[in-house]
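K.L.:
the sequence and its predicted three-dimensional model are supplied below.
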Amino acid sequence: MDALISNIGHRGTVRPAWCAVDYHDEPHPEDRRCESEVVPVPTVMLFRFRSQVTGRIEQVADVADFSIVATQWAGDAEVWVRIGGDAQRIEVTLESARRLHRTLGVFLADNFG
Ligand SMILES: [Zn+2]
């Protein structure tokens with residue numbers, strides 16, 4: 001029964017295995033999408049800015065509530081992977097996410113063991 005409901009929600013298409021949240025029947029068609037589970041990634045970010053008071057470059061590290069989530073909008077063949085939080089984020093194709101993953105892995109291994 002769940003599979004049947006899911007298929008109706010996906011307008012006759014097959015529900016992807018990664019789809020975890022039901023946004024398929026949103027009232028506004030532009031809001032309809034498949035969305036994965038949201039995976040939190042606690043992150044510390046660097047902020048550098050010129051102080052209005054001292055005129056010097058200041059540096060602050062602060063916690064950012066980053067997460068990773070995949071989205072496929074209705075009618076869009078592309079799956080988008082979003083990494084980030086409310087203020088900063090990148091949203092890239094699935095292929096680009098895989099390339100970033102591979103490249104970051106190699107970069108960290110080569111430079112930091
Ligand atoms: Zn879905």
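P.N.:
Structure received.
K.L.:
each with direction, which strands does the lengthiest strand in the chain pair with?
P.N.:
Determined from DSSP state E, the single longest strand within the chain is strand 57-73. In the sheet, strand 57-73 lines up against strand 33-35 (antiparallel), strand 39-50 (antiparallel), strand 80-84 (antiparallel) (DSSP bridges).
K.L.:
can you give me how far it is from the chain middle?
P.N.:
With Cα atoms, centre = their mean, to the nearest Å as the basis, strand 57-73 stands 10 Å off its chain's centre.
K.L.:
same question, stretch 77-96
P.N.:
4 Å.
K.L.:
wait, isn't Val69 in contact with Glu37?
P.N.:
Yes: counting by Cβ atoms under 8 Å, Val69 touches Glu37, with 7.5 Å between them. To be clear about C-beta, it is placed using only N, CA and C from the backbone, and glycine gets the same treatment.
K.L.:
need the contact list for the spatially most distant residue from the centre of the chain.
P.N.:
In the chain, the residue that sits farthest from the middle, by Cα atoms, centre = their mean, is Thr54; the gap is 37.0 Å. Neighbour list for Thr54: empty [criterion: Cβ atoms under 8 Å, 6 or more residues apart in numbering].
K.L.:
okay, Val69 and Glu37: which has more neighbours?
P.N.:
More neighbours surround Val69 than the other of Val69 and Glu37, with 19 against 12 (other Cβ atoms under 10 Å).
K.L.:
related to what we said a few turns ago, surely the residue farthest from the centre of the chain is in a strand?
P.N.:
No: Thr54 is assigned coil when assessed by DSSP: H, G, I helix; E, B strand; the rest coil, not a strand.
K.L.:
identify the bridge partners of the closest residue in space to Val92 that isn't next to it in sequence.
P.N.:
Nearest in space to Val92, with sequence neighbours left out and distances taken as Cβ to Cβ, 6 or more residues apart in numbering, is Val81 at 5.8 Å. Val81 has these beta-bridge partners by DSSP bridges: Ala70, Val92.
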